[in-house]
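[1] I'll drop the sequence and a predicted model, then ask my questions.
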Amino acid sequence: MTKVKDVRLKASELELKDKVVSIQRVAKVTKGGRTFSFSALVVVGDENGTVGYGLGKAREVQEAITKGVDDAKKNLIRVPVIKGTIPHDQLGMFDGAKVLIKPASDGTGVIAGGSMRAVLESAGIHNVLAKSLGSSNPHNVVKATVKALSDLRDPYTVAKNRNLPLSKVFKG
């Protein structure tokens, strides 16, 4: 079994901005009737290569969002962003959701759907082409997008892993 390096970061060192992806009213059926609460899916990022997502549930919307932000701060990852875009194409899958992200030239902008857009903008990616191929469930799309971003490797990491100079990595 290969050892996976821990890419989680400390939230206290970063200035994070949060985006609410979805809020849903959920119900628990009890003997006395239905008990309603709110579920919030939140994405946080410093718009400079760090992003995370979290889920919060509470009786009030604002409290659910706060819990989601706290959960997201515990699940931060580092994304290689090179000149405002990603280094290479990447496919990410989580349950029924499948997302494809591709690098784009300067000035393209973020071409992506709602929940993917929130993740990509929070990560600080300014030029990217993205397509959601499977399920449109926001929870699974966010998780698939974060998985795709976490699987990205920059040329410096590839060169280091292969014990090659950087010029050999770019050689076709």
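    Done, it's in.
[2] going forward, measure contacts between C-alpha atoms and count neighbours the same way
    Noted.
[3] which residue, other than its chain neighbours, is closest to I111?
    Spatial nearest neighbour of I111, excluding adjacent residues (CA to CA, 6 or more residues apart in numbering): L129 at 4.9 Å.
[4] mind listing the residues bridging to the one you found?
    Per DSSP bridges, the residues bridged to L129 are K102, I111.
[5] okay, now it: neighbour count?
    18 (other CA atoms under 10 Å).
[6] I'd say it and G107 touch.
    No: taking contacts as CA atoms under 8 Å, L129 lies outside contact range of G107: 11.7 Å.
[7] what residues does stretch 94-107 touch?
    84-93, 127-137, 140-141, 143-145, 147-148 (CA atoms under 8 Å, 6 or more residues apart in numbering).
[8] keep only those of those that are in helices.
    N140, V141, K143, A144, T145, K147, A148 (DSSP state H).
[9] measure the second one to G32 for me?
    As judged by CA to CA, to the nearest Å, V141 and G32 stand 35 Å apart.
[10] neighbour count for these two, which is higher?
    Taking other CA under 10 Å, V141 and G32 do not tie; V141 has more neighbours (28 against 6).
[11] partner residues bridging the residue nearest to the more buried one when sequence neighbours are not counted?
    Using CA to CA, 6+ apart and skipping the chain neighbours, the partner closest in space to V141 is A97 (5.4 Å). Beta-bridge partners recorded for A97 (DSSP bridges): F94.
[12] what's the neighbour count on A97?
    Neighbour tally, A97, other CA under 10 Å: 21.
[13] cool, the one 3 residues further on as well?
    Counted with other CA under 10 Å, the burial measure for L100 works out to 18 neighbours.
[14] can you confirm it is in a helix?
    No: L100 sits outside any helix when classified using DSSP: H, G, I helix; E, B strand; the rest coil, being strand.
[15] ok, so what distance separates it from A144?
    9 Å.
[16] and the helix or strand of the chain with the lowest mean pLDDT, what other elements does it pack with?
    None of the helices or strands of the chain scores lower by mean pLDDT, DSSP states H and E than helix 166-170, at a mean of 80. When contacts are defined as 3 or more CA pairs under 8 Å, 6 or more residues apart in numbering; DSSP states H and E, helix 166-170 sits against helix 155-161.
[17] please tell me how far the helix it packs on is from the chain's geometric centre.
    23 Å (CA atoms, centre = their mean, to the nearest Å).
[18] what helices or strands is it leaning on?
    Helix 155-161 packs on helix 166-170, going by 3+ CA pairs under 8 Å, 6+ apart.
[19] re the thing from before, shared neighbours, L100 and A144?
    Joint contacts of L100 and A144 (CA under 8 Å, 6+ apart) are G92.
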